[in-house]
Each structure stands twice: as structure tokens, then as C-alpha cells.
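Chemist: Have a look at this prediction, sequence included:
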Amino acid sequence: MKSAVTAVVAAALLSVAACAPVIEGGPPMALPIGLQETAQAGSVTLSTGWLDAEDDFALTFSAEVHEELRRCMWGTVPINIRVHIDEMERAGRLETLLTGEGSHTLSGTVEFVDPADDDRVVGRFPVSVATSAQGRLGALLGDRQMMVSEEFGRAVCEQAFGRNPRDRGLHNATGG
């Protein structure tokens, strides 16, 4: 029963996330300096023209990106985040298991949006990341979606706010 409820919730969130409006093709916009210091992570919405991932990708991605952003957006002014993913490649489990090598990549556009006026974008920029597949152990036990999503969230923090939300070292799925 619990897994059926989880599947229904995941499907509902995925369908909403896949339809999220993201302005594509707009010029990059840096966040205003004052907002960099006062912003607090609101909702994270994912959109993509494709979905070449397991059904729970939107849930995993949104949760991991939100967790990273909460660590670098410690202000009191809520700002919603919209992400449109252009490309994602994950290293194959078998190939990584055999060679011990591989990487996961993800690229897209991130928009920071005023929640009072969902059409007003206050910051926009492209983000591309690559992270290690964590060798043979990562191939066996690693959550590839979590690894690349966490790295993406960390890159958003560094690009938008100029700070890494984590100390160096192993955190969750990736190294800081």
C-alpha cells in the first residue's frame, strides 16, 4: 500500500514538474547583489523536453538541488527556482563496474523567480556539471541521479552566490 501511494505521488509530481514553465533562450542575468545576501530557497521546479531517466528523476533532482540551495541561500526572502534540463548522461553501470571509470553529466538553464509574480525572472544562467561515477563501488551501490543532481545544486550555489554550500570531502553522493 505504501509503495502504491508513493508511486501515485511521484507520478503526480513528475507530471507537474515536466510541464513547468521555464523561459528558454533568454540572456543570462546575474542575481542582484542584495538578493544574493537575502534570498531563501523556495520551490524547485524541473522541466525538460525529454525524460531519459527513471520516473523518480524529478523528485530526486528537486530534493537534492533544494538541499544544496538551502545551504547557500540563508536569507529570509523566498525565491523560487526553475530549472530546464537540456542534456543528461549517466555512466553505464556495467561499463563503470568493468573499467572503474565513468562520469555523469547534466546541463540546463536555471532561473530564479519572484514568487509574488511568477513571470518575473530575477536571475538566469546556464549550468553544466560533470561528476565521477565513484568507481566500481559507485557502479554497484551509487544513486546516479542523486550524484549528478547534488553536483548540479552545488554548481548553482557557486555560480549564483559565489559559495560552495559544503566543506570539502565526501557528502551524500559526491565529494564537496
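Modeler: Great, that's in hand.
Chemist: Would you map the helices across this structure?
Modeler: Taking DSSP state H, the helices of the chain run over residues 2-18, 33-38, 57-72, 93-99, 135-141, 144-161.
Chemist: Low-confidence ranges, the chain, go.
Modeler: 1-25, 50-55, 93, 96-97, 135-142, 166-176 (pLDDT under 70).
Chemist: can you rerun that using 80?
Modeler: 1-25, 49-56, 90-102, 118-119, 132-145, 164-176 (pLDDT under 80).
Chemist: For stretch 72-85, which residues meet the burial criterion?
Modeler: Neighbour-count burial for stretch 72-85 flags Cys72, Met73, Ile79, Asn80, Ile81, Arg82, Val83, His84, Ile85 (criterion: 16 or more other Cβ atoms under 10 Å). From N, CA and C alone the C-beta is placed, and that goes for glycine too.
Chemist: any idea how far the third one is from Ala160?
Modeler: Ile79 is 10 Å from Ala160, where distance means Cβ to Cβ, to the nearest Å.
Chemist: which residues are common contacts for these two?
Modeler: Phe112 (Cβ atoms under 8 Å, 6 or more residues apart in numbering).
Chemist: Just send the buried residues of stretch 72-85 back as JSON lines, with distance to Pro27 too.
Modeler: Listed next are the buried residues of stretch 72-85 as JSON lines, based on distance: Cβ to Cβ, whole Å:
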{"residue": "Cys72", "distance to Pro27": "23"}
{"residue": "Met73", "distance to Pro27": "23"}
{"residue": "Ile79", "distance to Pro27": "19"}
{"residue": "Asn80", "distance to Pro27": "20"}
{"residue": "Ile81", "distance to Pro27": "18"}
{"residue": "Arg82", "distance to Pro27": "16"}
{"residue": "Val83", "distance to Pro27": "17"}
{"residue": "His84", "distance to Pro27": "15"}
{"residue": "Ile85", "distance to Pro27": "19"}
